[in-house]
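*Asks:* Based on what follows, work out the 3D shape:
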Amino acid sequence: SKALRVVADELSAGHSAMDWSETFTVVPTNPLPFGGAGGNALDVHDDLKREVAFYNTAMEGVIEARALCERSGIPFRRPDDFFAEMVKTDDHMAKVKDRLIFETKKMEAFEQRKSNKEQRLRAKE
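*Replies:* Numbering: from 1, shown residues only. Modelled structure (predicted):
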């Protein structure tokens, strides 16, 4: 345990001596509001509040990292002419699009039949 602490301290000391652009370490100033002795601790079993807390902490980290990148002169935006490689092929995406169009038309046809049925019932009255 003592040896592990010594190694952890050595790594931490070496890490803190490095320039930020070598580590890109960002630690948000506000800790996650779970547990703790504070009166505003959130319930870890409340999914929505937990996800909002994660989102807010991540956004805080992103804002801090962007400022550090700008200060260090490190580009963080993609060039205008950047084209990312697609995970799925164009053929697969065309099939997905066709399927979505088919489902939409199917729902519209159902709604039309329902509307026609209601009109026929009203016409008989």
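
*Asks:* ok, the spatially most central residue of the chain to Phe76 distance?
*Replies:* Per Cα atoms, centre = their mean, the C-alpha nearest to the average position across the chain is that of Tyr55, at 7.7 Å. As judged by Cβ to Cβ, to the nearest Å, Tyr55 and Phe76 stand 20 Å apart. C-betas here are computed from N, CA, C, even on glycine.

*Asks:* and what of Lys88?
*Replies:* Using Cβ to Cβ, Lys88 is found at 26 Å from Phe76.

*Asks:* gap between the lengthiest helix in the chain and the chain center?
*Replies:* Criterion DSSP state H: the longest helix present in the chain is helix 90-124. How far helix 90-124 lies from its chain's middle: 33 Å, per Cα atoms, centre = their mean, to the nearest Å.

*Asks:* Likewise for stretch 116-125?
*Replies:* That offset, for stretch 116-125, works out to 49 Å (Cα atoms, centre = their mean).

*Asks:* Touching the host helix or strand of Glu10 from outside, list them.
*Replies:* Applying DSSP states H and E as the criterion places Glu10 in helix 2-17. The set of residues external to helix 2-17 that reach it, using Cβ atoms under 8 Å, 6 or more residues apart in numbering, is 23, 25.

*Asks:* Name the residues of the helix or strand following that helix that are buried.
*Replies:* Once the chain leaves helix 2-17, the next helix or strand it forms, by DSSP H and E, is helix 20-23. When burial is assessed from 16 or more other Cβ atoms under 10 Å, helix 20-23 yields no buried residues.

*Asks:* Much appreciated, bye for now.
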